[in-house]
Each structure stands twice: as C-alpha cells, then as structure tokens.
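J.: Take a look and give me a structure for this.
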Amino acid sequence: MLISDAAGRFLEHVRFERGLSEATIRSYRTDLSGLQRFAAEAGVTDLADLDLETLRAWQWQGSEAGLAAATLARRSAAARSFTAWAARTGLRDADPGVRLSSPKLGRHLPRVVAQDQMGELLDRARERSETGDPKDVRDRAVLELLYATGVRVSELVGLDIADLDLDRLTMVVTGKGAKQRTVPFGVPALGAVVDYVRTGRPALLARGEGRAGDALFLGGSGARMNVRAVYGLVARALSAFPGGGPRGPHTLRHTAATHLLDGGADLRAVQELLGHASLGTTQIYTHVSVERLKQSYAQAHPRA
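T.: Here you go, the predicted model:
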C-alpha cells in the first residue's frame, strides 16, 4: 500500500473512530504530508518500505532546517502514531516508529496576568459595553467567561444558548475528543452574559438572516463567532498591559488556572475545570504559582 493511501486511512481513523479535534487532525495531515514528500524524494513510496532510517532522516532534515524542538517533537509523535496504527491494523508486519525519539523540551512557564490587571481589563470592558454597542457588550461577556471558566477558545465559540444554565451558574462545554464537561462561572460573568443575551445578541442576530442558529456568541455578520475573532479581541484587551509572551485566549486560560491555585483551589478540581486528561498537564500551574511566590519574596523580604 502507498504511504499516501495509508495516511488517508489513518486520518479517517483519527477523525471518525478516535474523535480527535480538527486542529489535531490538521497537524497530523501536515506532518504526514511532509513525511510522504520526504520519503518519496528518497525513493520510498510504499508503506512496507518505510523504515526507522527514513524516519530519522526526515527528522534530521527538519532539525537542519531550524525547526523548533516542539515542532520536531510533534512530528515524531505524528509519525509514531501513524506507524503504530499501521502495525496494529495489519498494514505492516512491524512498527518502524517505535524507536523514533523526540527532542527534549524545556519547560516554559505560561504568561499569567496579575489579578489587579485582570480587574482593570474587565472594568475597561464593562465601561465600553455601557455605550450599548452590541460588539462591546459581546466582548465583555467573552472576556468574563474566558477568565471565569478557563475554557479553550474552541470550546467558547462552540457554545450554544442551551449550554448555559443561568440559574445554576454553570455551562456545558465540548472539549477535545468531543468530551463534555460542566464548568461553573461567577456572578460577574453571569451579569455580562445576561446583558449580552438580552441586548447584544439580538442586535447581532438581526444582521445574520438566520445563519447563527443556536450559537451563543455571534460575529459582526450575525453568524457564529470564530476563533480568529476571539483571538483579536483578547489581543486588543491585553495589549494595554505590560508583559511578554502570548496575548491570545490561552493567556486567560493560564491566568484563570493560576489564580485558582493561588486562591487555594485543589489541583484536581482545576484539572476537571480545564478538561485536562492528565494531572501532569495541570501541574505546570503550580510551578507558575511558586515562581510568583518567589518573585514576591524577593521584592518584599529584607534578607531575600
């Protein structure tokens, strides 16, 4: 079987049987296409001829091209998943990727916005929303919910009105692998969402001629809001505050998790809130909290 045909079947497998997200499937497709092109240039087009030497040469080429360690690690993971699936389904006699290693990744602590800065950011959003502009009313609700819940941006834009329980202050989000979980939010977020549903959403809905369906958050054209639009509004909101690092919705997710742990929340509760499959993924926020504690100590203690 050709590598290209096997890769196509593998992508169908991860989409329909494993239920992986579109973003993950796009990454698999990109990496396997690159592997296929490299192998073809080396004269390897049949899956049976794909060996460990070819996989390592492909990774070496990427390293020589200056690819980041994280990108190389992702490529290794994609190749290993592909070859393991091929061996498991009988398309190959053995798995050539089982000994393919990944580069070591350094731990990079995520950017976290200080609590007083988050308060100022949300106060500014509230003040803008008081003009009555439907986009400003929506943006305030988006920012409040992202910070209140720590949900992923894809989970936020996927929300329908029926997913919110305004009486219980909870909402049901659909995360990676189509797994659903219920997350709570607070009274400030409730007020922002209620204002948006009552005033902002109807005004935006009128522009869409029925294209929005049951979507909670709508874009300027009246259709369901997309990920790029949320990135834009969060970046604009964060641009007023100092600090390096990303300025997208994930920064608010990191910030929410860290502030919860700073306030004494249980690590497993934060894991459940964020929808992490592994507790180890959540533990990075404990490192952030320790770093913040060390910085405060260094600034405040006379013998630091």
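J.: Break this protein down into its domains, please.
T.: The chain is divided into the following domains under automatic domain parsing: 3-88, 115-299.
J.: What residues sit buried inside the helix or strand containing L35?
T.: Per DSSP states H and E: L35 is located in helix 22-41. Going by neighbour count (16 or more other Cβ atoms under 10 Å), the buried part of helix 22-41 is S27, Y28, R29, D31, L32, G34, L35, Q36, F38, A39. C-beta: built from backbone N, CA, C; applies to glycine.
J.: Pull the residues that contact that helix.
T.: 3-4, 7, 10-11, 14-15, 20, 45, 50, 54-55, 57-58, 61, 74-75, 78-79, 81-82, 154, 176 (Cβ atoms under 8 Å, 6 or more residues apart in numbering).
J.: Centre of the chain to that helix, how far?
T.: 21 Å (Cα atoms, centre = their mean, to the nearest Å).
J.: Put the alpha carbons of that helix into PDB.
T.: Only the C-alpha atoms of helix 22-41 are listed here, as PDB (Å, rounded to 0.1, in the frame of the first residue of the first chain):
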ATOM      1  CA  GLU A  22     -10.000  19.400  13.800                       C
ATOM      2  CA  ALA A  23      -6.800  21.200  14.900                       C
ATOM      3  CA  THR A  24      -5.100  17.900  15.800                       C
ATOM      4  CA  ILE A  25      -6.200  16.300  12.500                       C
ATOM      5  CA  ARG A  26      -4.800  19.300  10.600                       C
ATOM      6  CA  SER A  27      -1.500  18.800  12.400                       C
ATOM      7  CA  TYR A  28      -1.400  15.100  11.600                       C
ATOM      8  CA  ARG A  29      -2.200  15.900   7.900                       C
ATOM      9  CA  THR A  30       0.600  18.500   7.700                       C
ATOM     10  CA  ASP A  31       3.200  16.300   9.300                       C
ATOM     11  CA  LEU A  32       2.300  13.100   7.400                       C
ATOM     12  CA  SER A  33       2.300  15.100   4.100                       C
ATOM     13  CA  GLY A  34       5.800  16.300   4.900                       C
ATOM     14  CA  LEU A  35       6.900  12.800   5.700                       C
ATOM     15  CA  GLN A  36       5.400  11.400   2.500                       C
ATOM     16  CA  ARG A  37       7.200  14.100   0.400                       C
ATOM     17  CA  PHE A  38      10.500  13.400   2.000                       C
ATOM     18  CA  ALA A  39      10.100   9.600   1.700                       C
ATOM     19  CA  ALA A  40       9.200  10.000  -2.000                       C
ATOM     20  CA  GLU A  41      12.300  12.000  -2.700                       C
END
